[in-house]
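# Okay, here's the prediction I keep looking at, along with the sequence it came from:
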Amino acid sequence: MPYRPTDSFTPARLRGAGLALAAALLLTGCQGGTPSPPSTTTAEPTSSATTTGAPTPGASESGSAVSSGAPSAGVYKPADAKGKAENVPVPVMPELAKENSKEGLEAFIRYWYAQQNYAIESGDRSGWAPLNSGECVACARIEKGIGDSHTGGRWSAGGTISVPAIEPIWHDNSNSQQAKVQVVQQQIDYYNPDGSRGRPSESATNSAFGFMVKFGIDGWTVTNLGLIH
């Protein structure tokens, strides 16, 4: 099953006046030929991940397959139809992302997606899962989908996420915050250990999400995530 949240997961709290500007945000970000998300998925879109202060794991800039020859030790090789990703750069949280501030929230969101990109490529969710609270249902679905994509020798290619626009909805003197996030994801393909297609590819998407977090002793954690209709 895909690692993306389902279309139906749109918390009622995302529909408030604070998110009324989502249409304008998306109109600006989505023009220029970027495909809209299919109505049957709420998947986050796929393009190379741009993150604040974090290395960018992702497909080659052109999106073309990389040579299947074994890379030198430590050299990053994106996944393709011939094999899994190798030596994927691990994102490092920038200091700004640890701050309880509007700028810190934005930096954290970019880091969260950088860690999700890393998990998609490598299958390693150990850096991404702790950023999510147990109450985030969509996060659990994404984590399960990533795990399924890397079970039994399977892997995925593509699916890299970028975040062109973040609009925090900041409330002073509150540890709970929200943001509207434009998420673009490249096409993602799935492969079995024998090189056959693991399941149908998922098209590139361009979506707006409501992103809800809280700040505590361990910093930011995601409490909810939902597609803005």
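Yep, that arrived. Residues are numbered from 1 along each chain as shown.
# Wait, Arg197 touches Ser156, no?
No: assessed by CB atoms under 8 Å, Arg197 is found out of contact with Ser156, at 11.1 Å. In this view, the C-beta of every residue, glycine as well, is placed from N, C-alpha and C.
# close enough to count as contact, Glu121 and Glu86?
No: Glu121 lies out of contact with Glu86 (CB under 8 Å); the separation is 9.5 Å.
# what about those two, which has more around it?
Neighbour totals were compared for Glu121 and Glu86, and Glu121 leads with 28 against 17 (other CB atoms under 10 Å).
# any idea which element that one lies in?
helix 102-122 (DSSP states H and E).
# ok, the strand ranked longest in the chain: who's next to it in the sheet?
The longest strand of the chain (DSSP state E) is strand 205-216. Paired strands of strand 205-216, with direction, are strand 176-185 (antiparallel), strand 219-227 (antiparallel) (DSSP bridges).
# Show me what counts as buried in that strand.
Buried residues in strand 205-216, defined by neighbour count with 16 or more other CB atoms under 10 Å: 205-215.
# So Trp155 versus Asn224, what's the distance?
Distance, Trp155 to Asn224, using CB to CB, to the nearest Å: 29 Å.
# Name the residues of stretch 160-178 that are buried.
Buried, per 16+ other CB under 10 Å, within stretch 160-178: 160-164, 166-169, 177-178.
# Please disregard the earlier target; I meant stretch 215-226.
215, 219-226.
# residues near Asp148, how many?
17.
# If you compare the directions of whichever strand or helix holds it and strand 219-227, what angle comes out?
Element membership for Asp148, per DSSP H and E: helix 137-149. Going by axes from the mean of the first three to the mean of the last three CA atoms, to 10 degrees, helix 137-149 is angled at 90 degrees with respect to strand 219-227.
# Could you name the helices and strands sitting against helix 137-149?
Secondary-structure packing of helix 137-149 (3 or more CB pairs under 8 Å, 6 or more residues apart in numbering; DSSP states H and E): helix 102-122, strand 219-227.
# So Ile166 sits against Gly104, correct?
No: Ile166 is beyond contact range of Gly104, at 12.0 Å (criterion: CB under 8 Å).
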